[in-house]
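Peer 1: What follows is a predicted protein model with its sequence.
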Amino acid sequence: MTSSRVVAAPGLSVFLDGQPAGTTDALRQGLTIDDLPAGAYSLRIEKPGFEPKVVKVTVAEGDTKEVRVLGLKPKATPTPVPPGW
């Protein structure tokens with residue numbers, strides 16, 4: 001079996017192929033997803049108020065793939081429309 005390790009700030013939600021995989025935390029300095037069969041996966045990292053980041057990961061048998069997420073981009077806030085427009 002293989003594993004994937006997401007290295008990121010604490011408090012980020014991680015999804016593996018659309019399914020919840022866990023939340024990053026400071027103690028583990030991220031999140032490790034163990035017991036993955038070898039293959040290609042889609043990791044989505046989310047935090048409220050930020051744009052999600054999607055990363056494609058391919059892991060080989062017995063391999064551990066590390067993904068570093070340095071930061072998420074804040075979502076654009078809509079510009080308020082003045083009354084009467």
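Peer 2: Yep, that arrived.
Peer 1: Report the beta-bridge partners for the nearest residue to residue 29 once chain neighbours are set aside.
Peer 2: Distance criterion Cβ to Cβ, 6 or more residues apart in numbering; nearest residue to residue 29, sequence neighbours excluded, is residue 7 at 6.2 Å. (Each C-beta comes from the backbone N, C-alpha and C, glycine too.) Beta-bridge partners for residue 7, by DSSP bridges, are residue 68.
Peer 1: residues contacting the one residue sitting closest to the centre of the chain?
Peer 2: Centroid-nearest residue in the chain, with Cα atoms, centre = their mean: residue 45, separated by 2.1 Å. Residues in contact with residue 45 (Cβ atoms under 8 Å, 6 or more residues apart in numbering) are 6, 8, 12-15, 24, 52-55, 69, 72.
Peer 1: Could I get the pLDDT score of it?
Peer 2: Note for residue 45: predicted pLDDT of 95.
Peer 1: how about the nearest residue to it, chain neighbours excluded?
Peer 2: Closest to residue 45 by Cβ to Cβ, 6+ apart is residue 53, at 4.7 Å.
Peer 1: Report whether the expected contact of that neighbour with residue 69 is present.
Peer 2: Yes: shown here, residue 53 and residue 69 form a contact pair, counting by Cβ atoms under 8 Å, at 6.0 Å.
Peer 1: returning to that earlier point: the contacts of residue 45 into JSON lines, with extra columns for pLDDT?
Peer 2: Shown next, in JSON lines, are the contacts of residue 45 (pLDDT from 0 to 100):
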{"residue": "6", "pLDDT": "89"}
{"residue": "8", "pLDDT": "89"}
{"residue": "12", "pLDDT": "93"}
{"residue": "13", "pLDDT": "95"}
{"residue": "14", "pLDDT": "95"}
{"residue": "15", "pLDDT": "96"}
{"residue": "24", "pLDDT": "93"}
{"residue": "52", "pLDDT": "94"}
{"residue": "53", "pLDDT": "94"}
{"residue": "54", "pLDDT": "94"}
{"residue": "55", "pLDDT": "93"}
{"residue": "69", "pLDDT": "87"}
{"residue": "72", "pLDDT": "88"}
